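[1] curious how this folds, go ahead:
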Amino acid sequence: MSFIPESEIQDNEILYRAIHPNFWNYEEDRPTSALFKDRKGVSVDRDGDRNKADAVNFLLTFRKNFGVGELNAGQTRNIGTYLKPDKIPENDFHALILESELKVQISNGKAKKLSQMINVINPPANLEGQSI
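    Purely as a prediction, here's the structure:
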């Protein structure tokens, strides 16, 4: 099966999210809900028939000190978010997690649920107290 970037996101797909060190709670060793608050939508990468290592390496290519987490698309959709394919010139796998089909920014409650649901593959570098 070959990946079609514009295809509907299936419930069994994995979505990868880069984790900036500023959105990591070092005391609790987990991402904060702010990781999922963006007025442009939450940027993720679809697995796109790639293995996990390839997807993670692609996501981290230009993101020094970032971590990566993964979400199941179906579970993400089950909390009431809307998943939108969003191919961009430099990334066929790009997609967005939105509040709904008509509203972009995710509510605080959904952002918190996503921060609790995300499976952290690798945490960001510990840069607490340093400027990036």
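
[2] all strands of this structure, in order?
    Under the criterion DSSP state E, strands of the chain are mapped to 14-19, 24-25, 30-31, 42-46, 67-72, 82-85, 94-98, 119-122.

[3] TSV for those, including distance to residue 53?
    To be clear about C-beta, it is placed using only N, CA and C from the backbone, and glycine gets the same treatment. Putting these into TSV (distance: least, CB to CB, whole Å) gives the following:
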stretch	distance to residue 53
strand 14-19	11
strand 24-25	22
strand 30-31	21
strand 42-46	13
strand 67-72	11
strand 82-85	23
strand 94-98	19
strand 119-122	10
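
[4] and these as a markdown table, adding distance to residue 108 and mean neighbour count?
    As requested, the strands of the chain are exported to a markdown table (distance: least, CB to CB, whole Å; neighbours: other CB atoms under 10 Å):
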| stretch | distance to residue 108 | mean neighbour count |
| --- | --- | --- |
| strand 14-19 | 17 | 22 |
| strand 24-25 | 16 | 19 |
| strand 30-31 | 15 | 20 |
| strand 42-46 | 13 | 23 |
| strand 67-72 | 18 | 21 |
| strand 82-85 | 17 | 18 |
| strand 94-98 | 14 | 22 |
| strand 119-122 | 21 | 14 |
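
[5] let's have those strands in JSON lines, adding distance to residue 8 and mean pLDDT.
    Conversion of these to JSON lines gives the following (distance: least, CB to CB, whole Å; pLDDT from 0 to 100):
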{"stretch": "strand 14-19", "distance to residue 8": "13", "mean pLDDT": "98"}
{"stretch": "strand 24-25", "distance to residue 8": "32", "mean pLDDT": "94"}
{"stretch": "strand 30-31", "distance to residue 8": "27", "mean pLDDT": "96"}
{"stretch": "strand 42-46", "distance to residue 8": "11", "mean pLDDT": "98"}
{"stretch": "strand 67-72", "distance to residue 8": "15", "mean pLDDT": "98"}
{"stretch": "strand 82-85", "distance to residue 8": "7", "mean pLDDT": "98"}
{"stretch": "strand 94-98", "distance to residue 8": "11", "mean pLDDT": "98"}
{"stretch": "strand 119-122", "distance to residue 8": "23", "mean pLDDT": "96"}
